[in-house]
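Chemist: Please work out how this folds:
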Amino acid sequence: MLITTNKEIQRKIDSAVAGLNSRIQELEKQANQIQAILNSMIEGVIAVDRHANIISINPAIEQIFGISKKDAEGRLLLEVIKNNDIFEIASAVLSSAQTASKELDLVWPVKRIFQLNATPLFEAGAVSGCLLAIHDITEIRRLEAMRRDFVANVSHELKTPLTSISGFVETLLEGALEDKENSRHFLEIIKEHTRRLNSLINDLLELSCIESSNSGLELEEIKLSGFVDKILSAFKSQLKKKTILTENIIPQGLSVKADKNRLEQVLVNLIDNAIKFNQDKGFIKISAEDLGDKIKIIIEDSGAGIPAKDIARIFERFYRVDKARSRELGGTGLGLSIVKHIVELHAGTVGVDSVEGAGSKFWFTLPLII
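Modeler: Just a heads-up that it's a prediction; the model follows:
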């Protein structure tokens, strides 16, 4: 009987050990899954104990703050990440047992905007730590700012000509219509503002169409030199008026793969700007560089150039270096933005090299056909 009892006890022990091993394996599996999730998250995650000492961090936190998990774990949060806002939120959550969130505008170690969410961790009903999740919202805030600027710019660009048109119409209705000399002048101004409104709306619609996912490209082989010559011929009167010399030095045999109508838009915009902002008796030179699998097309002018502070923003919607002159010359502020979007549709890049007072070189790349 004693032997049988011992065997039963052994079986129970073995069963308990097997159950415990199974449970351990299950816990290890869950831990590995949680670790894999944390490692793959783009959000930064920090776990601290009730004394605000770091228990664990994920790779995103290592990347954001330039720290290592090995050096961070076990140390006080503020010692590792020297940011009072983060530490204060963690401390508040640990003391209040309430969730908290805050938007952080960091300038060190990276200049980014983060959304910080902090949640208390509990053990046996008491706060045992805090989990901090840091989400990078820099791009969201940038897009929101761009949208606000776009709405403000569109409103301003539409309001200016509409106000002028409304004012002159009221003046004409109040009796100026009988004054033939002045009434004609007023009508010419109304006509000009109407033209400007029409150009602005057309450019907005064009930009919307280009940005749309439905905007397809009809790619074909285009012999670049002859194509540029045809476009330049359409500017003869403008070139003659300012006595601007043009030079097309693109090799005759060079071809690109592009949408003919879209490429024409790009070149017309860039050449038109090169004329408008050029000096009298200046020059425009159009050239191309073979970069292997693509070609770089350059439109160089002898204009006033672009200040260094404006170069980074020159392709933004409605951005103008000289606002008064641009409007005076009939620009809508959308031409270069349209150029950028069309080139990017072709998987190309666009840029400008310029020195204030020494002219500009606008360039873009397109796929090359050999």
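Chemist: Could you use CA atoms for every contact and neighbour count after this?
Modeler: Fine.
Chemist: what's the following helix or strand after the lowest-mean-pLDDT helix or strand in the chain?
Modeler: Using mean pLDDT, DSSP states H and E, helix 323-328 stands out as the lowest-scoring helix or strand of the chain, at a mean of 52. Next helix or strand after helix 323-328 toward the C-terminus (DSSP states H and E): helix 335-345.
Chemist: Can I get stretch 9-27 in PDB, CA atoms only?
Modeler: Taking Å, rounded to 0.1, in the frame of the first residue of the first chain, the C-alpha atoms of stretch 9-27 are listed here in PDB:
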ATOM      1  CA  ILE A   9       2.200  11.100  -5.000                       C
ATOM      2  CA  GLN A  10       4.800  10.900  -7.700                       C
ATOM      3  CA  ARG A  11       2.200  11.000 -10.400                       C
ATOM      4  CA  LYS A  12       0.600  14.100  -8.800                       C
ATOM      5  CA  ILE A  13       4.000  15.800  -8.500                       C
ATOM      6  CA  ASP A  14       4.800  15.000 -12.100                       C
ATOM      7  CA  SER A  15       1.400  16.200 -13.200                       C
ATOM      8  CA  ALA A  16       1.900  19.400 -11.200                       C
ATOM      9  CA  VAL A  17       5.300  19.900 -12.700                       C
ATOM     10  CA  ALA A  18       4.000  19.300 -16.200                       C
ATOM     11  CA  GLY A  19       1.200  21.800 -15.500                       C
ATOM     12  CA  LEU A  20       3.700  24.300 -14.100                       C
ATOM     13  CA  ASN A  21       6.000  23.800 -17.100                       C
ATOM     14  CA  SER A  22       3.100  24.300 -19.500                       C
ATOM     15  CA  ARG A  23       2.100  27.500 -17.700                       C
ATOM     16  CA  ILE A  24       5.600  28.800 -17.800                       C
ATOM     17  CA  GLN A  25       5.800  28.000 -21.500                       C
ATOM     18  CA  GLU A  26       2.500  29.800 -22.000                       C
ATOM     19  CA  LEU A  27       3.800  32.900 -20.000                       C
END
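Chemist: where along this structure do the strands fall?
Modeler: With DSSP state E, the ranges of strands along the chain come out as 44-49, 54-57, 100-106, 112-123, 126-136, 219-223, 245-248, 255-259, 283-290, 294-301, 350-354, 360-369.
Chemist: between those strands, which gets nearest to Arg148?
Modeler: strand 112-123 (17.8 Å; CA to CA).
Chemist: could you measure the closest residue to Glu300 other than its chain neighbours against Ile298, distance?
Modeler: Among residues not flanking Glu300 along the chain, Lys361 sits closest, at 4.3 Å (CA to CA, 6 or more residues apart in numbering). Between Lys361 and Ile298 the computed distance is 6 Å (CA to CA, to the nearest Å).
Chemist: Likewise for Lys69?
Modeler: According to CA to CA, Lys69 and Ile298 sit 49 Å apart.
Chemist: neighbour-wise, which of those two wins?
Modeler: Between Lys69 and Ile298, Ile298 has the larger neighbour count (other CA atoms under 10 Å), namely 23 against 15.
Chemist: hang on, the earlier thing: right, so of the strands of the chain, which gets closest to Ile9?
Modeler: Of all these, strand 112-123 sits nearest to Ile9, with 34.6 Å by CA to CA.
Chemist: Parallel or antiparallel, which strands does that closest one pair with?
Modeler: strand 100-106 (antiparallel), strand 126-136 (antiparallel) (DSSP bridges).
Chemist: What are the buried residues along the longest one?
Modeler: Just to be clear, that refers to strand 126-136. 127-136 (16 or more other CA atoms under 10 Å).
Chemist: related to what we said a few turns ago, reformat the strands paired with strand 112-123 as JSON lines; add mean pLDDT and distance to Glu211.
Modeler: Shown next, in JSON lines, are those (pLDDT from 0 to 100; distance: least, CA to CA, whole Å):
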{"stretch": "strand 100-106", "mean pLDDT": "90", "distance to Glu211": "30"}
{"stretch": "strand 126-136", "mean pLDDT": "93", "distance to Glu211": "25"}
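Chemist: quick one: low-confidence ranges for the stretch 1-150 of the chain?
Modeler: Along the stretch 1-150 of the chain, segments meeting pLDDT under 70 span 1-4, 27, 29, 31-41.
Chemist: And the helices in the stretch 51-200 of the chain?
Modeler: Along the stretch 51-200 of the chain, counting by DSSP state H, counting those that start in this stretch, helices occupy 59-65, 69-72, 77-80, 84-96, 138-173, 180-211.
Chemist: Distance to Ser337 for the ones you listed - can I get that in CSV?
Modeler: Below are these laid out as CSV (distance: least, CA to CA, whole Å):
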stretch, distance to Ser337
helix 59-65, 32
helix 69-72, 44
helix 77-80, 43
helix 84-96, 39
helix 138-173, 12
helix 180-211, 8
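Chemist: Of all the ones you listed, which one comes closest to Asn248?
Modeler: helix 180-211 (27.7 Å).
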